[in-house]
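Undergrad: Turn this into a model:
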Amino acid sequence: MERRTARREFLRLGATAGALAMAGCTSGTRPTRSPSGAATHAGDFRMGVLLPATPAGDSIRAGMRLYLQEVGAQAGGRRIVDVAGVEDLVSPAASLDAVRRLVEGEGVELVAGCLGSTPALAVRDYVDGRRVPTLIAGTGAIALSRGRRSPYVYRTSYSNWQLGQPLGSVLVRRGIRRLALLSAGDSDGVELAAAVKESYTGQVVVEARMPAGGDYGAVMDQVNDAGPDAVCALLAGADAAAFLKLARTQLAPGIQVTGSGFLVEPDVLGAVGEAAPVGAMTGLHWAPGLAYAENRAFTAAFQRVYGRPADVYALQGFDTARVVVEALGAVRGRTADRRAFLRAISAVTFTSPRGRFRFDAGSNTVVDTLYVRQLEADPGQGLANRVVGSVPNVADPGR
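TA: Numbering: from 1, shown residues only. You can find the predicted model right below:
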């Protein structure tokens, strides 16, 4: 999605709901602020959204605004105003500067978003020190659930452990005895691979870190020479697309393609075309075809409003906005008592498009179900990830 498209969509939603505000908008009540930057009296509830202008960031933002539209951007007797942070979050310093502007300059009472482990870890100490309630909507860094867990930070997406550890046992149950394990070279890739190996009891015959934008040919030769039952690709976005394009022509016949669900999300499938790995088995905390009524309503509404299918990032944004609304309603809009507001956040539970939503008290991270999906060519829908199994109630071990 182009940045200008995301802004047009937001303006349309704002007109429909009559309640949302663009970044920098000064309409409505501007609350006075304490020295910490928090609002000191009721008025508009200003929610700072910290997301990059990328396809994944735009999807999270779109999911958040879709839910706010559904409730009229109101909760606890207060209007919810979406205040966007700086979009070009290219470094930890940029993320830290952006969150500082939201809290100290815009007086937001809650920060939401944070796509990517590096930005989230960069702002963690700031929001912890300023005691700013924060909802992480797109980050897997395990430290946020363990050594750097903060009482002010809750995660609505997943931890890398939650995606990787149950996937290893799924591979074993599906008869994969010899595995090639490929992951991105960043910290998320390292954590995902380590989590898979915690429960995978077969033999890892190849383990490789895939260089971003690099030549994967040498790695593919290693995989083919080792002759595994399957290759488990823990890749997303451009890395996933590059791998699948190469695998179509160079991966030896008989080697099954598996991996995290990000490998076959819509952004990747749209980029690879005929190289889509039909039959691939992946694991993720959501699938478009889940039978929950809430999921059918969510996917239909997203398609209607944005003219494209929902993805897992949009789901994470949708749930994040609902957490804000539920918690704000529980305290009747009274957020001056931060401890009470945080208790309300921690106690939020509802039926999400992904199933039951609730936070784990030991990690401040949502308890997820890992859905086992198989990519199929559906005559009516094109490519679709059909759910063929699940691992329920996956909670990060926390400390």
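Undergrad: CA only for contacts and neighbour counts going forward, please
TA: Will do.
Undergrad: Which residue ranges of the stretch 101-250 of the chain form strands?
TA: 110-115, 134-138, 153-155, 178-184, 203-210, 230-234 (DSSP state E, counting those that start in this stretch).
Undergrad: contacting residues for Phe298?
TA: By CA atoms under 8 Å, 6 or more residues apart in numbering, the contact set of Phe298 is Pro353.
Undergrad: Quick one: classify it as helix, strand or coil.
TA: Following DSSP: H, G, I helix; E, B strand; the rest coil, Phe298 is assigned to helix.
Undergrad: all helices of the stretch 251-399 of the chain, in order?
TA: Ranges of helices in the stretch 251-399 of the chain, per DSSP state H, counting those that start in this stretch, are 266-272, 293-306, 312-330, 338-346.
Undergrad: Need the contact partners of the last one.
TA: In this case it means helix 338-346. Counting by CA under 8 Å, 6+ apart, 133, 152, 154, 323-324, 326-328, 330-331, 334-335, 359, 361, 364 sit against helix 338-346.
Undergrad: Tell me how far it lies from the chain's centre.
TA: 22 Å (CA atoms, centre = their mean, to the nearest Å).
Undergrad: just the angle between it and helix 312-330, please?
TA: 130 degrees (axes from the mean of the first three to the mean of the last three CA atoms, to 10 degrees).
Undergrad: tilt between helix 338-346 and strand 134-138?
TA: 30 degrees.
Undergrad: And helix 338-346, what's buried?
TA: 338, 341-342, 344-346 (16 or more other CA atoms under 10 Å).
Undergrad: Looking at those, which is nearest Arg173?
TA: Ser346 (34.3 Å; CA to CA).
Undergrad: Report the central residue of the protein.
TA: Gly138 (3.3 Å; CA atoms, centre = their mean).
Undergrad: low-scoring stretches of this structure, by residue?
TA: 1-42, 86-90, 213-214 (pLDDT under 70).
Undergrad: can you list the domains in it?
TA: 3-158+291-366, 161-284+370-394 (automatic domain parsing).
Undergrad: So the residue nearest to the centre of the chain sits against Gln316, correct?
TA: Yes. Gly138 lies in contact with Gln316 (CA atoms under 8 Å); the separation is 7.0 Å.
Undergrad: overlap in contacts of the two?
TA: Between them, Gly138 and Gln316 share the contacting residues 60, 156-157, judged by CA under 8 Å, 6+ apart.
Undergrad: about what we covered before: could you give me the PyMOL selection string for whichever of the contacts of helix 338-346 are buried?
TA: Selection of buried members from these for PyMOL, criterion 16+ other CA under 10 Å:
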select buried, resi 133+152+154+323+324+326+327+328+330+331+334+335+359+364
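Undergrad: State the pair within the contacts of helix 338-346 that is farthest apart.
TA: Arg334 and Ala361 (23.0 Å).
Undergrad: residues making contact with stretch 142-159?
TA: By CA under 8 Å, 6+ apart, stretch 142-159 touches 121, 124, 127-128, 131-141, 160-161, 191, 285, 316, 319-320, 342, 346, 359, 362-368, 396-399.
Undergrad: Can you flag the buried ones in those residues?
TA: 121, 124, 127-128, 131-141, 160-161, 191, 285, 316, 319-320, 342, 346, 359, 363-368, 396, 398.
Undergrad: The longest strand along the chain pairs with which strands, parallel or anti?
TA: For the chain, the strand that runs over the most residues, judged by DSSP state E, is strand 382-394. Paired neighbours of strand 382-394 in the sheet (DSSP bridges): strand 368-378 (antiparallel).
Undergrad: Good, wrapping up.
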